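> Next input, structure requested:
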Amino acid sequence: MRLLTSLLQGILTREASQSRCAFHYATMQPRETQRELLFSQLRDRAETGFGRDHQFSSIRTVEDFRRQVPITNYDYAQPYIERVMQGEPSALFNGDKLLMFTMTSGTTGKRKFIPVTKKYLDDYRRMWHVWGLYAYETHPELFLKKKMAFMGDWEEMRSPSNIPCGNMSGLTAKMQSRLVQSSYCLPLQSAKVSDIDAKLYLAWRIGVMSDVGTWMAPTPRILVTLARHGTTCADELIRDVRDGTLSAGYDYPPALQKMVSKRLRADPQNAHRLETILNETGELLPRRVWPNLGLIATWLGGTFRTYLRFFPEYFGDAAVRDIGVIASEGRFTLPIEDGTPAGILEIGSTYFEFVPVGEIDAASPTILEAHELQEGGEYYLLLTTTSGLYRYNIFDVVKCVGWYQSTPLLEFLHKGSHVVDLAGEKLTEHQVVTAVDRALEEQGMTLRTYTMSPRRDAERPHFTLFAEQDEFA
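Take a look at the predicted model:
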């Protein structure tokens, strides 16, 4: 078994090791790496619709770039993206192979469609491999154990030009080798399950058949919800495990039902194990169901940390590692250690600019490159990506918390839109969550959910924290 493990690790990590070496070298010279990336893209896209409209062919310096391309948002980019969706890829691209449009909710509530090119996907997958290399070098005992991770449907709909539109996680899963796919509990077909209860149950039903070592999800809220669902569905789950069935109470796609049914076997011994855990503790918790669970991969920064207080209850002493600042627009940081939201700025795939938080609404804000950040500074991110976005304000606020080589380490704080202002104080969601967490820690209490609301109608305007009494523990 040890020989097989070594062989598989060698096959899967060779390419990731090369990518890590290249990334490590790049972090020694972020200014040169970033500018080479920028000007290469401007040259390549000079004859696109966007490139001609903004005179890319005449850009020679960063100052030229900033003068000719304004800070943008999705509304600015949308007309060009719409042309691509209608079958005119030259609006943004010059021969790039377009694979899909990843869909996400915009800050105004409307759906955003972000083009995914082969170059974008290659970069995205490459840095996920590097993330995995760091993670499983730290936890080699988990390398061959199953991983629990949800994926979205990469083909929810089609564009007018017949390009798939959907979730990026589904496409990356589809592109993985069969060897890598086999390391995940949930099969590709599960991406088509839209009902959340059905998806949660399927994860538990298939998961209890394996020795799961890693749970992965973008937000810890998803992980906490999934962890609690074991107790919710305990009786149904134990019955299905005993009988080798999949509950008929959920509407699963026929292809998924057929595939899952082939894997199911009556397992009274496993059912007895789960029943014993339930009878002894009154719950089915991941740390008891999967005693070898050793790694939880999710976002640790910003307001997400409020969920982390529940992790020991559900996951025991499993290590926790941030997956990085990731959005439909790309991957922005690479965490390489457990227990911290900080990650190395991913300077090899996206050109970054930064605006100090206090200047985001200024007519002529200070604009910084990666090598110009100050430790402790808080910034808005501007992105120039291989997906055809230029100086794109994603409205994410990050904090520079240190350096790796000469490249900044960044921690996500909050979305820039999550700010309220009664009298110039500009209170952020991150500040509220931090204050509540500290107060609860001092009192030795936990609070599952709460909300804070401004009171403008009071004699002295203030904020009120609302919580239900039965939400305290």
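> Would you mind checking which helix or strand in this structure has the lowest mean pLDDT?
strand 419-420 (a mean of 48; mean pLDDT, DSSP states H and E).
> now stretch 151-166: how far from the chain's centre is it?
19 Å (C-alpha atoms, centre = their mean, to the nearest Å).
> cool, stretch 296-314 as well?
Computed by C-alpha atoms, centre = their mean, the chain-centroid distance of stretch 296-314 equals 14 Å.
> buried residues in that stretch?
296-311, 313-314 (16 or more other C-beta atoms under 10 Å). (C-beta placed from N, C-alpha, C; glycine too.)
> what bits of the stretch 151-300 of the chain have low per-residue confidence?
Across the stretch 151-300 of the chain, nothing is flagged by pLDDT under 70.
> Now do the strands in it.
157-158, 164-166, 212-216, 295-298 (DSSP state E, counting those that start in this stretch).
> a markdown table please, covering those and showing distance to residue 201.
What follows is the strands of the stretch 151-300 of the chain, written out as a markdown table (distance: least, C-beta to C-beta, whole Å):
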| stretch | distance to residue 201 |
| --- | --- |
| strand 157-158 | 26 |
| strand 164-166 | 22 |
| strand 212-216 | 16 |
| strand 295-298 | 21 |
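> between the ones you listed, which one is nearest to residue 260?
Taking C-beta to C-beta, strand 212-216 is the member of the strands of the stretch 151-300 of the chain nearest to residue 260, at 16.6 Å.
> Give me the helices and strands touching that closest one, please.
In this structure, strand 212-216 packs against strand 146-149, strand 295-298, with contacts taken as 3 or more C-beta pairs under 8 Å, 6 or more residues apart in numbering; DSSP states H and E.
> okay, those in a markdown table with distance to residue 129 next?
Below are these laid out as a markdown table (distance: least, C-beta to C-beta, whole Å):
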| stretch | distance to residue 129 |
| --- | --- |
| strand 146-149 | 14 |
| strand 295-298 | 14 |
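> Of those strands, which is nearest residue 266?
strand 146-149 (20.5 Å).
> can you give me the helices for the stretch 101-250 of the chain?
118-138, 168-175, 178-181, 196-207, 220-232, 234-243 (DSSP state H, counting those that start in this stretch).
> Please export the C-alpha coordinates of the fifth one as CSV.
Spelled out, that is helix 220-232. What follows is helix 220-232, C-alpha atoms only, in CSV (Å, rounded to 0.1, in the frame of the first residue of the first chain):
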residue,chain,number,x,y,z
PRO,A,220,-17.9,27.3,6.2
ARG,A,221,-21.6,27.8,6.4
ILE,A,222,-22.1,25.1,3.8
LEU,A,223,-19.9,22.7,5.9
VAL,A,224,-21.8,23.5,9.1
THR,A,225,-25.1,22.9,7.3
LEU,A,226,-23.9,19.6,5.9
ALA,A,227,-22.4,18.5,9.3
ARG,A,228,-25.8,19.2,11.0
HIS,A,229,-27.7,17.3,8.4
GLY,A,230,-26.4,13.9,9.5
THR,A,231,-28.5,14.1,12.7
THR,A,232,-31.5,15.5,10.8
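> and residue 186, which of the helices and strands packed on strand 212-216 is closest to it?
Nearest of the helices and strands packed on strand 212-216 (C-beta to C-beta): strand 146-149, 6.9 Å.
> Run through who's touching the closest one.
Outside strand 146-149, the residues within contact range by C-beta atoms under 8 Å, 6 or more residues apart in numbering are 183-186, 203, 207, 210-217, 226.
> ok, back up a step: please produce CSV containing the helices of the stretch 101-250 of the chain, extended by mean neighbour count.
Below are the helices of the stretch 101-250 of the chain laid out as CSV (neighbours: other C-beta atoms under 10 Å):
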stretch, mean neighbour count
helix 118-138, 19
helix 168-175, 20
helix 178-181, 11
helix 196-207, 20
helix 220-232, 19
helix 234-243, 18
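> With distance to residue 45 as added columns, please give those in CSV.
Formatted as CSV, the helices of the stretch 101-250 of the chain follow (distance: least, C-beta to C-beta, whole Å):
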stretch, distance to residue 45
helix 118-138, 12
helix 168-175, 22
helix 178-181, 32
helix 196-207, 39
helix 220-232, 36
helix 234-243, 52
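> Of these, give the one that comes closest to residue 254.
Between those, helix 196-207 lies closest to residue 254; by C-beta to C-beta that is 13.7 Å.
> Roughly how far does residue 209 sit from residue 193?
18 Å (C-beta to C-beta, to the nearest Å).
> and these two? which has more neighbours close in?
When residue 209 and residue 193 are compared for neighbours, residue 193 comes out ahead with 23 against 15, by other C-beta atoms under 10 Å.
> Which residues are in contact with that one?
199, 202, 252-253, 256.
> Make CSV out of the residues you listed and add distance to residue 408.
Listed next are these as CSV, based on distance: C-beta to C-beta, whole Å:
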residue, distance to residue 408
199, 37
202, 40
252, 45
253, 44
256, 43
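> from those, which is closest to residue 338?
The closest of the contacts of residue 193, once distances to residue 338 are taken by C-beta to C-beta, is residue 199, at 27.4 Å.
> unless I'm mixing things up, that closest one is touching residue 190, no?
Yes - under the criterion of C-beta atoms under 8 Å, residue 199 makes contact with residue 190 at 6.9 Å.
> Quick check: neighbours shared by the two?
With C-beta under 8 Å, 6+ apart, residue 199 and residue 190 have common neighbours residue 150.
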